[in-house]
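Provide a 3D model corresponding to the input given below.
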Amino acid sequence: MRANIHPQYHTDAKVVCACGNTFTTGSTKPEMHVEICSNCHPFYTGKQNLLDTAGTIEKFKTRASKARKKVAQPKSKA
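As a prediction, this is how the structure comes out:
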C-alpha cells in the first residue's frame, strides 16, 4: 500500500453558518462555511424561512414572461 495518500483529518474543524451559529466537527478541511444548519433549518426550528438567493425567483419570472410573449407572437413565413 502507498503511504501518505490520505488527506489530513482535523478533529476540531470549525463550521460557520450564515445565521451566525458556529460549531466544531471532524473533517478533512479545517474550516467550512454553510448556508443552513440545524439551528436555522425550517425542519428543526418549526418556522419556514424563505431564502431568495440573488433574486432567483425574479429571474425565473422574467424568463417565463419573455417566453410567453414569444409564443404569443405569430411566426411569419418567409
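
okay, which residue is most central for the protein?
The C-alpha lying nearest the average C-alpha coordinate of the chain belongs to residue 35 (CA atoms, centre = their mean; 6.3 Å).

ok, longest strand in this protein?
Looking across the chain with DSSP state E, the single longest strand is strand 10-17.

Give me the sheet partners of it and which way each runs.
strand 22-27 (antiparallel), strand 31-34 (parallel) (DSSP bridges).

Same list (those strands) but as CSV, adding mean pLDDT and distance to residue 62.
Every residue, glycine included, has its C-beta placed from N, CA and C. Putting the strands paired with strand 10-17 into CSV (pLDDT from 0 to 100; distance: least, CB to CB, whole Å) gives the following:
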stretch, mean pLDDT, distance to residue 62
strand 22-27, 96, 37
strand 31-34, 95, 29
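
list the helices and strands the biggest helix by length in the chain packs on?
Using DSSP state H to define each element, the chain has its longest helix at helix 56-72. Applying 3 or more CB pairs under 8 Å, 6 or more residues apart in numbering; DSSP states H and E, one finds that helix 56-72 contacts no other helix or strand.

Show me where this structure dips below the pLDDT cut-off.
Regions of the chain meeting the criterion pLDDT under 70 cover residues 49-54, 74-75, 78.

mind redoing it with 90?
Along the chain, segments meeting pLDDT under 90 span 1-4, 38-61, 67-78.

Alright, calling it a day.
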